[in-house]
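K.L.:
how would this look folded up:
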Amino acid sequence: MRPTQPVVSREDWLKARLELLQREKAHSRARDELTRARQDLPWVKLEKDYRFDGPGGKVELGQLFRDKSQLIVQHFMFEPDWEQGCKSCSFMADHMERSIVHIAHRDVAYAVVSIAPLAKLESFKRRMGWTFEWLSSADSDFNRDFHVSFSEEELKNNKVYHNYRADSSFSGKEAPGVSAFAKDDTGTIYHTYSVYGRGLETFMGAYDLLDIVPKGRDEDELSYSMEWLRLKDSYDE
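P.N.:
Residues are numbered from 1 along each chain as shown. So this is what the prediction gives:
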């Protein structure tokens with residue numbers, strides 16, 4: 001590729017880099033403050049018992065914690081009539097898969113929940129080589145209560161509530177998201193955090209890698225930002 005920015009001496013480059021470094025440090029400090037504010041959010045006690053379909057039968061939300069007191073759930077888009085999962089959710093799951101062993105040592109369990117039948121989830125999981133626990137919420141209100149599944153009526157009447165607002169432009173039946181939960185010594189479960197939309201980029205480290213190279217994400221000419229993305233076994237080599 002040809003240079004897209006001015007070519008300068010090492011001294012001039014270092015001057016520009018040090019100026020950028022100050023901005024990067026300010027961003028890191030602001031991110032630390034945001035992280036503290038996120039962790040200081042109040043909790044909501046769950047009053048409903050959620051049950052999912054798992055390989056061994058029905059599984060309660062509390063069981064997903066295993067021996068941990070904290071739980072992260074990825075809301076994975078997989079409609080019942082789809083033959084494979086959402087490529088963007090799969091992109092995020094690829095990153096999550098490699099982190100499970102590490103977060104487990106910080107008292108955090110991880111699970112994935114989708115509305116599709118369990119058999120489809122299990123088949124796609126094998127294809128992708130994932131090992132995380134993946135449950136079906138087909139017979140549960142979980143997806144609707146956490147605003148990642150929407151009815152035909154909601155879509156028809158422009159009454160979709162997503163990402164903490166009414167969204168009349170939303171057109172799909174499913175949305176991605178990540179939610180965090182905590183469980184106390186009595187077994188009571190609390191909802192502590194959920195994030196949607198561009199907030200999910202935090203969990204996609206490949207974007208951070210692209211953000212440090214000259215072309216960046218290189219998505220400006222695409223019809224939508226993740227048009228280039230494929231399932232990891234579907235790129236044309």
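
K.L.:
make it CA atoms for all contacts and neighbour counts henceforth
P.N.:
Will do.

K.L.:
Assumed E33 was part of a strand.
P.N.:
No - under DSSP: H, G, I helix; E, B strand; the rest coil, E33 sits outside any strand and is assigned helix.

K.L.:
Provide the contact partners of the least confident helix or strand in the chain by mean pLDDT at residue level.
P.N.:
Using mean pLDDT, DSSP states H and E, helix 152-156 stands out as the lowest-scoring helix or strand of the chain, at a mean of 88. Helix 152-156 has contacts (Cα atoms under 8 Å, 6 or more residues apart in numbering) with 160, 170-173.

K.L.:
The following helix or strand past that helix - which strands sit beside it in the sheet, and in what orientation?
P.N.:
Next helix or strand after helix 152-156 toward the C-terminus (DSSP states H and E): strand 161-162. Strand 161-162 has these partner strands in its sheet, going by DSSP bridges: strand 165-166 (antiparallel).

K.L.:
Next, the buried residues of the helix or strand following the strand it pairs with.
P.N.:
Later in the chain than strand 165-166, the nearest helix or strand by DSSP H and E is strand 177-183. Neighbour counts over strand 177-183 (16 or more other Cα atoms under 10 Å) mark 177-183 as buried.

K.L.:
Same check on stretch 37-50?
P.N.:
Buried residues in stretch 37-50 (16+ other Cα under 10 Å): none.

K.L.:
May I have the distance across it, first residue to last?
P.N.:
Across its full length, stretch 37-50 reaches 28 Å end to end, with Cα to Cα, to the nearest Å as the criterion.

K.L.:
do the same with stretch 55-66
P.N.:
End to end - Cα to Cα - stretch 55-66 spans 16 Å.

K.L.:
Over to stretch 140-148?
P.N.:
Start to finish, the residues bounding stretch 140-148 are 13 Å apart (Cα to Cα).

K.L.:
What residues sit buried inside that stretch?
P.N.:
141-143, 146-148.

K.L.:
quick one: contacts of it?
P.N.:
Applying Cα under 8 Å, 6+ apart, the set of residues contacting stretch 140-148 is 50-52, 75, 114-115, 137, 149-150, 161-163, 174-177.

K.L.:
Got a PyMOL select line for the buried ones in those residues?
P.N.:
Written as a PyMOL command, the selection of buried residues from those, which uses 16+ other Cα under 10 Å, is:
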select buried, resi 51+52+75+114+115+137+149+150+161+162+163+174+175+176+177
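
K.L.:
Break down this structure into its helices, ranges please.
P.N.:
10-39, 87-103, 118-128, 142-145, 152-156, 205-210 (DSSP state H).
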